[in-house]
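> Make a model of this:
(one chain, ligands or ions: 1)
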Amino acid sequence: MQLLDGKSLSTKLKTHIKTEVDSLTSTGKRAPHLVAILIGANPASETYVAAKIKSCEEVGFQSTLYRYDASITEAELLQKINEINADSSIDGLLVQLPLPKHINETKVVETVDYRKDVDGFHPTNIGRMAKGLPCTLPATPYGILKLLEEYKIETAGKHCVVIGRSHIVGSPMSILMARNDYPGNATVTICHSKTKDLSSFTRNADIIIAAVGIPQMLKADMVKDGVVIVDVGTNRIEDATKKSGFRLVGDVDFDSVKDKCSYISPVPGGVGPMTIAALLLNTLDTYKRGE
Ligand code: GUN
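Numbering: from 1, shown residues only. From the prediction side, this is the model:
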C-alpha cells in the first residue's frame, strides 16, 4: 500500500506557486489577490477558511477575509459580491459554504463573476467543464486529479466508483473521470444515498472516490484487492484524548481497508491540502487571465 500524500504534493505545488509569484512581484507587478467571505460561526468553515488564508500568505498572495454575522441579509451579501466583482485589483472570490438557511446558495454562486470563481462552482465553469472547454475546475476535484497524476495512477478503462453526488465533489468528479483525457477515460459509476447494495458496486471498483460525509463508512469487505481509494471525507468524531475534543476521520475505515489498497489517501493529509493547493492554482490562473 502506498499513501496518496496530499500534504507533500501540496507543499511542492505551493513552492512552485511562490516562485512564480516572487518572479512576478520582482518585476513590479502586483501579487494575486484572493478574497474569502465567511458567514456565521460554523467551526469547520472557520478552520477551512483560516487554512486558505494562511496558504495565501505562504505563497505570497494578497488575501482579504470578510466575516459576517449569520444575520446578514441576502441583499447585503449580493451587494458585497458585486462590489468585489467590479474591483479589478481582486482576482479570486470564494464564499465559504454552507450558508445560513435564509440565503439562497444558487443565487450567491451565480452572482460571483465566473472569471473570479476560484471554487469553480459557477454554472458557466461547470458547463464549460462538462463540455471539456477551458475553465476553472472545482477545487477539490482539481486537487484530486493532481494527486492521481502525481502518482501516475492509471485511469483509462478502469472502473471508477464515485460515492456521493454533491455539486462540489461527486458530480464534477464523475464528469472529470469519464472525460477523454488523463486522468480520465474511466468507466464511471455514481453511487448515492438511494443506491441499493452499494457493496456490489464498490467491490467491482478499480478506483473509489468516497465523498459522502459518513465517517468510516467504507469497510474492508466492500473493496477488492489492489483498489485505489481517494477519501474526500473530513468528518469530525468525538475523541476525548484530543484537546479539541474531536479528531478528523474520512469516509473510509482506513485501518481496516488500507492493506487491501494499492494506493489510498489519508485523512487528514490527503485531499484536504490538495483542495487548498488547487484553489491557489485557480487564483493564479484567474490572475494571469486578467493581465
Ligand atoms: N465548503 C466545503 N467545501 C468547500 C469549498 O471547496 N469551497 C467553498 N467555498 N465552500 C466549501
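
> shouldn't Arg128 be in contact with Pro134?
Yes: contact criterion CB atoms under 8 Å: Arg128 and Pro134 qualify, at 7.0 Å. The way it works is simple: take the backbone N, C-alpha and C, and place the C-beta from them, glycine included.

> Could you check which of these two has the larger neighbour count?
Using other CB atoms under 10 Å as the criterion, Arg128 and Pro134 rank with Arg128 on top: 17 against 8.

> Flag every buried residue along the host helix or strand of that one.
Arg128 is part of helix 123-131 when elements are defined by DSSP states H and E. By 16 or more other CB atoms under 10 Å, the buried positions in helix 123-131 come out as 124-126, 128-129.

> and if you look at stretch 136-152?
Under the neighbour-count criterion of 16+ other CB under 10 Å, stretch 136-152 has 136-148, 150-151 buried.

> Counting neighbours, what do you get for the closest residue to Gly272 other than its chain neighbours?
Sequence neighbours aside, Thr234 is the residue nearest to Gly272 in space, at 6.0 Å (criterion: CB to CB, 6 or more residues apart in numbering). Number of residues near Thr234 (other CB under 10 Å) recorded here: 20.

> okay, now whatever residue of the stretch 1-150 of the chain ends up closest to the ligand: neighbour count?
Across the stretch 1-150 of the chain, no residue is closer to the ligand than Leu97, which sits at 3.7 Å (CB to the nearest ligand atom). Using other CB under 10 Å, Leu97 has 16 neighbouring residues.

> Work out for me the element it sits within.
Using DSSP H and E, Leu97 falls within no helix or strand.

> Now do Leu280, the pLDDT please.
Leu280 is assigned a pLDDT of 98 by the prediction.

> Check the offset of the helix or strand containing it from the chain's centre.
According to DSSP H and E, Leu280 maps onto helix 271-290. A distance of 10 Å separates the C-alpha centroid of helix 271-290 from that of its chain, computed with CA atoms, centre = their mean, to the nearest Å.

> angle of that helix against helix 123-131?
Using axes from the mean of the first three to the mean of the last three CA atoms, to 10 degrees, the inter-axis angle of helix 271-290 relative to helix 123-131 is 100 degrees.

> quick one: the strands in this protein?
Counting by DSSP state E, the segments of the chain that form strands are 2-3, 33-39, 62-68, 92-95, 159-163, 187-191, 207-210, 227-231, 235-238, 246-249, 261-264.

> Which one, of those strands, ends up nearest to Gly272?
Distance to Gly272, taken as CB to CB, is lowest for strand 246-249 among the strands of the chain, at 8.3 Å.

> Could you confirm whether that closest one reaches the ligand?
No: applying CB under 6 Å from any ligand atom, one finds strand 246-249 separated from the ligand by no less than 13.9 Å.
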